[in-house]
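*Asks:* how would this look folded up:
(one chain, ligands or ions: 1)
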Amino acid sequence: MKSNIELPYKLLLLVLLTLPFSLWGQKCQMTEKRIAAFDKNPELVLEANRINQFTERWIEENRDLTQSRAVVTMPVVVHVLYLNSAENISEAQINSQIDVLNADYRKLNSNFSSTPNAFQGIAADVEVEFCLASLDPNGNITNGITRTQTTINEIGETSSFYSTAAGGHDPWDNTKYINIWVCNQSDGSLGFATPPGVADPPESDGLCIPSVYFGTIGTAANSQPNHLGRTATHEMGHYFNLEHIWGPEYGGCDEDDFVNDTPNQDTESGGCPTFPNTDYCTTGGNGINFNNYLDYSDDDCMTMFTEGQKMRMLAAINGPRASLLNSVGCSGMVATEDFSSFRNLISVYPNPANEFINISFENKIISSNSSWQMYDVNGKKHLDISISEIKKINVSHLPQGIYYLSCLDYPGVVEKIIIAK
Ligand SMILES: [Zn+2]
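*Replies:* I've put the predicted structure just below:
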């Protein structure tokens with residue numbers, strides 16, 4: 001449903017500041033955090049309205065684009081902040097979360113078939129994918145994960161989570177990476193995210209999700225009904241400027257999520273309603289879109305974004321979040337100036353390769369104890385090679401794909417190697 005976009009934010013500021021905290025959402029805290037930011041810095045209200053005006057304009061100007069677009073990949077860094085070893089979740093658990101994001105944003109989620117037929121026609125392949133960063137901001141190979149032991153309880157409720165000095169972890173350049181902090185919060189809180197332009201301070205831009213709701217295995221496995229990684233799917237929607245499906249406040253039929261194809265909805269859903277589920281605002285027909293990722297239904301009940309929500313997210317990706325498109329976080333092809341000159345002294349051939357790659361270089365530029373590695377696009381190490389065997393490397397056992405060759409003597413990637421079978 002559409003409405004004037006400036007008015008809701010004015011109402012948001014004026015009305016919500018008078019509400020008792022006990023009425024505020026216990027699950028996603030995006031709204032609460034945004035109100036606090038608006039209250040502290042009213043300039044952010046203007047910025048949010050400016051971004052929403054851009055968004056409406058962008059959607060209007062791009063509504064004739066064909067359905068299928070180039071898929072874009074968003075680089076993610078996960079900062080694990082843990083009080084105890086249980087919260088220091090495994091790489092496998094983190095990967096399970098990335099897998100959920102990639103399925104949900106490509107309409108490849110295994111539970112999509114449970115979407116009511118009436119809504120399947122407006123369900124969107126958002127054509128956005130996510131990768132754990134393979135290069136950190138300094139150009140070093142990374143698995144896209146930082147780990148920090150902290151002593152701060154419920155660090156997600158504090159201003160410490162985005163500060164190394166305060167016991168959390170500084171963000172990686174948040175114009176180039178989506179920062180996700182895995183951070184403890186008070187009981188019942190599933191997490192929050194910052195919509196574009198309203199992070200206060202800017203260092204806090206990103207997502208914050210407790211370990212027990214992050215991914216689908218390990219500590220998340222027993223978190224029913226929030227055990228399927230859909231908290232991050234929901235919060236990532238906020239990060240790309242989606243509102244809750246009932247609107248930016250807490251209910252009522254005058255509220256609007258600024259998306260045309262989502263049925264007007266009074267307030268949050270819970271559990272998993274039976275279709276058709278009508279409410280005070282949508283009293284008949286197909287009812288409300290309770291299986292939308294921006295509702296509060298159970299994880300196994302959430303199945304879809306709408307085409308209208310996709311357009312709003314694409315507007316963010318082509319507007320206030322556009323710098324992410326230029327990130328090399330996932331490409332593995334960044335180099336400093338000094339490093340470029342080093343790379344020019346090395347040749348790697350053949351490339352693409354199948355059985356072997358040969359590396360030739362001037363001995364004087366490599367130390368006698370150097371070691372070399374090959375990583376895949378997810379940052380997983382496949383080869384660890386000592387100097388003695390550096391001239392000819394057997395790659396016949398590697399699966400087809402893109403790999404990055406690095407040398408411990410230098411930061412960054414020496415060469416991108418394609419293994420073709
Ligand atoms: Zn939310």
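
*Asks:* How about the residue nearest to Leu101 when sequence neighbours are not counted: which residues does it bridge to?
*Replies:* Distances taken as CB to CB, 6 or more residues apart in numbering place Phe130 nearest to Leu101, at 4.7 Å, with adjacent residues excluded. Every residue, glycine included, has its C-beta placed from N, CA and C. Each beta-bridge partner of Phe130 is listed here, defined by DSSP bridges: Met74.

*Asks:* residues contacting Phe130?
*Replies:* With contacts defined as CB atoms under 8 Å, 6 or more residues apart in numbering, Phe130 is in contact with 73-76, 98, 101-102, 105, 178, 236.

*Asks:* Where helices are concerned, which of these count?
*Replies:* Judged by DSSP state H, the contacts of Phe130 include 98, 101-102, 236 as members of helices.

*Asks:* Tell me the one among these nearest to the ion.
*Replies:* Closest to the ion out of these is Met236 (10.4 Å), distances taken as CB to the ion.

*Asks:* Phe290: neighbour count?
*Replies:* By the criterion of other CB atoms under 10 Å, Phe290 has 27 neighbours.

*Asks:* Work out for me the element it sits within.
*Replies:* Using DSSP states H and E, Phe290 sits in no helix or strand.

*Asks:* Disregarding residues adjacent in the polypeptide, which is nearest to it?
*Replies:* Spatial nearest neighbour of Phe290, excluding adjacent residues (CB to CB, 6+ apart): Ser269 at 4.2 Å.

*Asks:* roughly how far apart are the one you found and the ion?
*Replies:* Relative to the ion, Ser269 is positioned 13 Å away (CB to the ion, to the nearest Å).

*Asks:* Switch the contacts of Phe130 over to JSON lines; also include neighbour count and pLDDT.
*Replies:* Rendered in JSON lines, the data for the contacts of Phe130 read as follows (neighbours: other CB atoms under 10 Å; pLDDT from 0 to 100):
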{"residue": "Thr73", "neighbour count": "17", "pLDDT": "91"}
{"residue": "Met74", "neighbour count": "23", "pLDDT": "95"}
{"residue": "Pro75", "neighbour count": "21", "pLDDT": "94"}
{"residue": "Val76", "neighbour count": "27", "pLDDT": "97"}
{"residue": "Ile98", "neighbour count": "21", "pLDDT": "97"}
{"residue": "Leu101", "neighbour count": "22", "pLDDT": "98"}
{"residue": "Asn102", "neighbour count": "16", "pLDDT": "96"}
{"residue": "Tyr105", "neighbour count": "26", "pLDDT": "98"}
{"residue": "Ile178", "neighbour count": "26", "pLDDT": "98"}
{"residue": "Met236", "neighbour count": "25", "pLDDT": "98"}
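
*Asks:* can those residues go into JSON lines with extra columns for distance to Asp295?
*Replies:* Below are the contacts of Phe130 laid out as JSON lines (distance: CB to CB, whole Å):
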{"residue": "Thr73", "distance to Asp295": "27"}
{"residue": "Met74", "distance to Asp295": "23"}
{"residue": "Pro75", "distance to Asp295": "28"}
{"residue": "Val76", "distance to Asp295": "24"}
{"residue": "Ile98", "distance to Asp295": "23"}
{"residue": "Leu101", "distance to Asp295": "18"}
{"residue": "Asn102", "distance to Asp295": "21"}
{"residue": "Tyr105", "distance to Asp295": "17"}
{"residue": "Ile178", "distance to Asp295": "22"}
{"residue": "Met236", "distance to Asp295": "15"}
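
*Asks:* List, one by one, the residues from the chain near the ion.
*Replies:* Taking CB under 5 Å from the ion as the measure of proximity, the chain contacts the ion at 28, 30.

*Asks:* Would you tell me which helix is longest in the chain?
*Replies:* helix 43-62.

*Asks:* Residues in a beta bridge with whatever residue of the chain ends up closest to the ion, which ones?
*Replies:* Closest to the ion within the chain is Cys28: 2.9 Å, counting by CB to the ion. Taking DSSP bridges, one finds Gly191 as the beta-bridge partners of Cys28.

*Asks:* contacting residues around it?
*Replies:* For Cys28, the contacting residues are 190-192, 231, 234-235, 238, 244, 296, by CB under 8 Å, 6+ apart.

*Asks:* Which one (most neighbours) among the residues you listed?
*Replies:* Highest neighbour count within those, by other CB under 10 Å: Thr231, with 31 neighbours.
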